[in-house]
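>>> Give me the fold of what follows.
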Amino acid sequence: MTAPLKGLILCGGRSTRMQQDKSLIAYHGMPQWQYLYQLVHNITPDVYLSCREEQKPALSDEVPMIFDSIEGNGPSVGLLSAHAAFPDTAWLVLAVDLPLISQQSLHYLVSQRQVLKDATSLISPVNHLPEPLIAIWEPSGLKKLLHNFNEGKNCPRKTLLQSDILQIENPFSAEQFNANTPEEMKEAEEQIRH
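Next up, the predicted model:
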């Protein structure tokens, strides 16, 4: 049976390299979390922000949130907290540090979804490895992530590499640009302006 698809915007990182909360940067005239929320909401009406409880005052009371419920750091905590809340759900996962991502990349990803795989993932144009944070994680893949996490292996990409996944080349791969530093933020702003 096909797992229902919900959206998950990962906002819970500490943003230490950016020196400000990446989810609040307004690349598109609104906070980045809100821009991504709207993009994903056009694909599935059930979209959640994944964040730490102390971030709540800076975000919106009007959107559903899943707070980190698992001890640890990194994006696996957000993914596994969502999995704990809805164990039979597949998640369209997006990291908040993707200022150039648009509807076309997300529609392409969803159109390629293979529900019998552990995940469907875009391929990174930088290192040609699966993008764990621009992916659809099926419940089976999240169970493998949980097993690895409990074994002290905290890397979602490594879980994907050990799993039965579909990796797809994004025809709009320039949209996968990550902005994690002030310099990358400026670069993204330049690209958005042009």
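
>>> Helices along the protein, start to end?
Under the criterion DSSP state H, the chain contains helices at 32-41, 75-85, 103-111, 139-150, 156-161, 182-193.

>>> can those helices go into CSV with extra columns for mean neighbour count, mean pLDDT and distance to Ala174?
Yep, even glycine has a C-beta here, placed from its N, CA and C like the rest. Shown next, in CSV, are the helices of the chain (neighbours: other CB atoms under 10 Å; pLDDT from 0 to 100; distance: least, CB to CB, whole Å):
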stretch, mean neighbour count, mean pLDDT, distance to Ala174
helix 32-41, 21, 96, 16
helix 75-85, 22, 96, 22
helix 103-111, 17, 97, 10
helix 139-150, 19, 97, 26
helix 156-161, 20, 97, 20
helix 182-193, 13, 94, 8
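
>>> So for Pro132, which of those sits nearest?
helix 156-161 (3.7 Å; CB to CB).

>>> Distance from stretch 174-181 to the middle of the chain?
Here stretch 174-181 is found 13 Å from its chain centre; the criterion is CA atoms, centre = their mean, to the nearest Å.

>>> Can you tell me how far the nearest residue to Arg113 once chain neighbours are set aside is from Leu166?
Nearest non-adjacent residue to Arg113, counting by CB to CB, 6 or more residues apart in numbering: Thr120, 4.8 Å away. The spacing between Thr120 and Leu166, counted by CB to CB, to the nearest Å, is 5 Å.

>>> do Ser124 as well
Counting by CB to CB - Ser124 and Leu166 are separated by 15 Å.

>>> Also Asn127?
Applying CB to CB, one obtains 18 Å for the distance of Asn127 from Leu166.

>>> quick one: which of these two has more around it?
Leu166 (16 against 9; other CB atoms under 10 Å).

>>> Thought Gln114 was touching that one, still the case?
Yes: if you go by CB atoms under 8 Å, Leu166 and Gln114 touch, sitting 4.5 Å apart.
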